[in-house]
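A predicted structure for the sequence below; I have some questions about it.
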Amino acid sequence: MAIKSANVIARVDPKVKKEAEQIMSDLGLPVSTVINALYRQIIINKAIPFELKKEPIFADELTDEELANLLLERLEEYKREGGIPAEEVFERLNQRFNEDKKLYGKVYQKSK
């Protein structure tokens, strides 16, 4: 008997998952349909069907326009979500640092 489907298990940021699944629901698309479409596009293109690039780590790696846009984006995020305690900021930074360390395999240090 042929296998008709296979499971995909992935860890996803809960906020990202919620937002993405809401959009898929609004479009009437089950998550499995979107995942199948993504996999098929990877096969057809023999590549990821969108650009992947690493965000710069240091502000001096950004152009003035990129830095201004990033700061405006963060300001809008702050206005939407309100302030958060410093402990949470440091916890998020530490989590992001550990995720980046896993992704890139080393800690990036700015050369002096």
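On my side now, so go ahead.

State the phi and psi torsions of residue 6.
Torsion angles at residue 6 (phi, psi; degrees, to the nearest 10) stand at phi -130, psi 150.

Could you break this protein into its assigned domains?
Listed by automatic domain parsing, the domain ranges of the chain are 14-45, 59-104.

end-to-end on the shortest one?
When the termini of domain 14-45 are compared using Cα to Cα, to the nearest Å, they are 29 Å apart.

Give me the distance between it and the centre of its chain.
How far domain 14-45 lies from its chain's middle: 14 Å, per Cα atoms, centre = their mean, to the nearest Å.

coming back round to it: what's the closest of the domains of the chain to residue 8?
domain 14-45 (6.1 Å; Cβ to Cβ). Glycine gets a C-beta too; all of them are placed from N, C-alpha and C.

Please pull out the lowest mean pLDDT helix or strand from this structure.
Lowest by mean pLDDT, DSSP states H and E among the helices and strands of the chain is helix 86-104, with a mean of 81.

Okay, buried residues for that one please.
With burial defined by 16 or more other Cβ atoms under 10 Å, the residues of helix 86-104 counted as buried are residue 100.

swap in stretch 61-81?
residue 62.

what's in contact with stretch 12-26?
30-31, 34 (Cβ atoms under 8 Å, 6 or more residues apart in numbering).

Residue 83 in helix, strand or coil?
coil (DSSP: H, G, I helix; E, B strand; the rest coil).

I'd like the distance between it and residue 15.
18 Å (Cβ to Cβ, to the nearest Å).

ditto for residue 23
From residue 23 to residue 15 the distance is 13 Å (Cβ to Cβ).

Could you list the low-pLDDT ranges of the protein?
Low-confidence segments of the chain (pLDDT under 70): 1, 54-57, 103-112.

picking that back up, now, of the contacts of stretch 12-26, which are buried?
So, by 16+ other Cβ under 10 Å, none of the contacts of stretch 12-26 is buried.

Out of the residues you listed, name the ones that lie in strands.
Counting by DSSP state E, no part of those is found in strands.

Out of those residues, name the ones that lie in helices.
31, 34 (DSSP state H).

any idea which element residue 2 lies in?
For residue 2, there is no helix or strand it lies in under DSSP states H and E.

Alright, calling it a day.
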